[in-house]
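A.B. asks: Turn this into a model:
(chains A and B, ligands or ions: 2)
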Amino acid sequence: MDKIALRHGVAELLAAYAECIDDDRLEEWPDFFVEDSRYLITSRYNYEAGYRHGVVYAASRGMLRDRVLALRRANIFEPHRYRHIVGTTRIGKIENGIAEARSPVIVVRIMHDGEMSLFAAGRYLDRIQVDAEPYRFVERLVILDSDKIDTLLVIPL
Amino acid sequence: MSEHMAEPVRRVAWPSNGLSEVPFRLYTDPEQYRLEQERIFKGPTWSYLCLAAEIPNPGDWVATTIGEVAVVVARATDGAVNAFVNRCAHRGNLLCLERNGNGKEITCIYHGWTYDLAGKLTGVAFERGVKRQGGMPPEFRKDEHDLPRLRVAELAGLVFGSFSREGPDLETYLGPEIVGGIKRVLNRPVHILGRSTQVLPNNWKLYFENTKDTYHASILHTFLTTFRINRLSMPGGIHIDESGGHHFSQAKLDYAAEDADYRNASLRSDTDMRLADPSIIESIDEYGDQVSVQILTIFPGMVLQQIRNAIAVRAIRPKGLDKTELEWIHLGFDGDDEAMTERRLRQGNLVGAAGYISMEDGCVGGFVQRALQYNDADSGIVMMGGYDAQSQPFRSSEAAIRGFWKKYRALMGE
Ligand code: FES
Ligand SMILES: [Fe+2]
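C.D. replies: Ligands and ions are numbered 1, 2, ... in the order given. Okay, here's the model as predicted:
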């Protein structure tokens, strides 16, 4: 596989993902995943202890669609947006058309009244399907450095 | 000078002796908050410390808090669980800096004083001085400087501590009904599936009241109704202990009918909003009593939750007048097979900081706190379902909140 093309493809996926969320096009967010995918938000503490619980624990793309539908139609919270800053990605093993990638990320939360705060810091541990276009996540683990979450978490990270 | 000392402590005035009008200043007054630490958290109450499963071996310890007071819970070599303040007798340094650990003794990093796992002072560095110079005066006695100890009690794998020597024992404090409610859920050994902490921008009482507030559930949390999930649930009731401080509410569900409903869902062509993947609520009646929700609160700051197969302990930790940390400890049982563990993990989406039916509780207390800012002269109304704090066979009631204030006022001397 062409390393440079792969690097570009992965970078494009990660950037498009962050932009999609930050632009509030959440209905498109599940499309970054394959149907049979996993998405988990947890903390370094849980991850290192081998605890499987996630504050968000999705075991299918359907669960991601449900997250968006619930956020739009059911859950109540103060309007806010995120700004993701994704750091440099390191690509690991590539096997059976799936590439592993690790990227640091910080997320700034901007409330509707302009109040801004650093909401999350951590890293993405990704398994990305790279043998078909467009690249999609098979698995995205969001490992937060802190296990404290301010107020609530509703928009995906 | 003596005049000032004789002055009574400034109190928040209650409009009456009733429990149904709660002054807003209780959530905003710094002096009230300070008194709560003394009279409630250090008073004749029992606070959740940790799970016995977190300190299975001799030497294991956990650093935690009761109110804002730092405490350590440790399992000694004889297997007994001890709790003592996390504050060195010498100059007051925090002894255990990490969340948990294991060791034969606890050594203060500052000047090296050592304690055993019961909080007994066992060593003072350079006690006899160096080269016969310095050292502690001869009348200094180590055995007069043990760390202040708490009473400790264990129930169904939960470890509780109390600063009070005189207060009732744990089971008397809780009363038989609440003890039964705890044992119903924690009826076998547990293990941790994960934990997280939600930082709430509000006074601790606003969250604790919220967990006792059976009135808001279907109004604030619209997830279940939006996705037409709890249609087969049956009304339950509220059980409140005699002191008022503890309660549990229950609701039942026809699990079998719900299951059939989902299996038939694909045959129907209705336009209801439905979950694309309903496995997050696919649940089994693991207690065999059809109780699908049991929320149990222990005054002053613990919740034991059974929502279907999502079992959790929530510890409410005050962190200043208008900040509270809510620690979630998600549990599984030792006999769980992989399918059961996966089921609990998926249902975990319902609760916690991102929980479909709990996230609103993370912000609503903050909204109240904001509204009360310099606007706290009045009182809130807690009259739903009457004026007293008795158990009730329905849930659209604020009886458990009134129970909270009954216990609160008794302890605060108001
Ligand atoms: S403060 Fe602990 S030894 Fe001095
Ligand atoms: Fe709630």
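
A.B. asks: Only C-alpha atoms from now on, for both contacts and neighbour counts.
C.D. replies: OK.

A.B. asks: Which residues does the longest helix seen in chain A contact?
C.D. replies: Scanning chain A for the helix with the most residues, using DSSP state H, yields helix A:3-22. Contact partners of helix A:3-22, identified using Cα atoms under 8 Å, 6 or more residues apart in numbering or on different chains, comprise A:26, A:28-29, A:32, A:81-86, A:89, A:91, A:128, A:130, A:135-136, A:155-157.

A.B. asks: What mean pLDDT does it get?
C.D. replies: Taken as a whole, helix A:3-22 has a mean pLDDT of 97.

A.B. asks: Kindly spell out which helices and strands sit in contact with the next helix or strand after that helix.
C.D. replies: Counting by DSSP states H and E, the next helix or strand C-terminal to helix A:3-22 is strand A:33-43. Contacts defined by 3 or more Cα pairs under 8 Å, 6 or more residues apart in numbering or on different chains; DSSP states H and E place strand A:33-43 against strand A:56-58, helix A:61-73, strand A:136-144.

A.B. asks: Reformat the ones you listed as CSV; add mean pLDDT and mean neighbour count.
C.D. replies: Formatted as CSV, those follow (pLDDT from 0 to 100; neighbours: other Cα atoms under 10 Å in any protein chain shown):
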stretch, mean pLDDT, mean neighbour count
strand A:56-58, 98, 26
helix A:61-73, 97, 20
strand A:136-144, 98, 24
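
A.B. asks: Out of these, flag the one nearest ligand 1.
C.D. replies: Closest to ligand 1 of the helices and strands packed on strand A:33-43, according to Cα to the nearest ligand atom: strand A:136-144, at 33.4 Å.

A.B. asks: contact partners of the closest one?
C.D. replies: Taking Cα under 8 Å, 6+ apart as the rule, strand A:136-144 contacts A:13, A:31-34, A:36-44, A:47, A:120-130, A:157.

A.B. asks: ok, now with 6 Å
C.D. replies: When contacts are defined by Cα atoms under 6 Å, 6 or more residues apart in numbering or on different chains, strand A:136-144 is touched by residues A:32-34, A:37-44, A:121-129.

A.B. asks: Can you pull the residues of chain B lying near ligand 1?
C.D. replies: Applying Cα under 6 Å from any ligand atom, one finds that chain B approaches ligand 1 through B:88, B:90-93, B:108, B:110-113.

A.B. asks: Those: which two are farthest apart?
C.D. replies: Using Cα to Cα, these reach their maximum pairwise distance at B:G92 and B:G112, which is 12.4 Å.

A.B. asks: Which one's more surrounded, these two?
C.D. replies: Using other Cα atoms under 10 Å in any protein chain shown as the criterion, B:G92 and B:G112 rank with B:G112 on top: 15 against 11.

A.B. asks: List the contacts of the more buried one.
C.D. replies: By Cα under 6 Å, 6+ apart, the contact list for B:G112 reads B:A125.

A.B. asks: picking up where we left off before, of the residues of chain B next to ligand 1 - the most surrounded one?
C.D. replies: Using other Cα under 10 Å as the neighbour criterion, B:C88 leads the residues of chain B next to ligand 1 with 27 neighbours.

A.B. asks: State the number of residues packed around B:S233.
C.D. replies: A count of neighbours around B:S233, defined by other Cα under 10 Å, yields 17.

A.B. asks: That one contacts B:L253, correct?
C.D. replies: Yes - with contact defined as Cα atoms under 6 Å, B:S233 reaches B:L253; the gap is 4.2 Å.

A.B. asks: If the nearest residue to A:T89 once chain neighbours are set aside is in a bridge, with which residues?
C.D. replies: For A:T89, ignoring the flanking residues on the chain, the nearest one in space by Cα to Cα, 6 or more residues apart in numbering or on different chains is A:S103 at 4.4 Å. Taking DSSP bridges as the rule, A:S103 bridges to A:Y124.

A.B. asks: burial count for A:S103?
C.D. replies: Number of residues near A:S103 (other Cα under 10 Å) recorded here: 17.

A.B. asks: Please name the residues that touch it.
C.D. replies: A:S103 is in contact with A:87-89, A:123-124, counting by Cα under 6 Å, 6+ apart.

A.B. asks: now what about stretch B:119-138, what contacts it?
C.D. replies: B:112-115, B:146-147.

A.B. asks: got it, and stretch B:207-218?
C.D. replies: With Cα under 6 Å, 6+ apart as the test, stretch B:207-218 has contacts from B:395-398, B:400-401.

A.B. asks: Please narrow these to those residing in helices.
C.D. replies: Counting by DSSP H, the contacts of stretch B:207-218 contribute B:400-401 to helices.

A.B. asks: Now flag whichever of the contacts of stretch B:207-218 is closest to B:E36.
C.D. replies: Using Cα to Cα, B:I401 comes nearest to B:E36 of the contacts of stretch B:207-218, at 17.3 Å.

A.B. asks: Just the pLDDT for that closest one.
C.D. replies: 97.

A.B. asks: Tell me the spacing between it and B:H239.
C.D. replies: 12 Å (Cα to Cα, to the nearest Å).

A.B. asks: Those two: who's more crowded?
C.D. replies: B:I401 (28 against 24).

A.B. asks: In a markdown table: the helices and strands packed on strand A:33-43, plus distance to B:E286.
C.D. replies: Output for the helices and strands packed on strand A:33-43, formatted as a markdown table (distance: least, Cα to Cα, whole Å):
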| stretch | distance to B:E286 |
| --- | --- |
| strand A:56-58 | 22 |
| helix A:61-73 | 24 |
| strand A:136-144 | 30 |
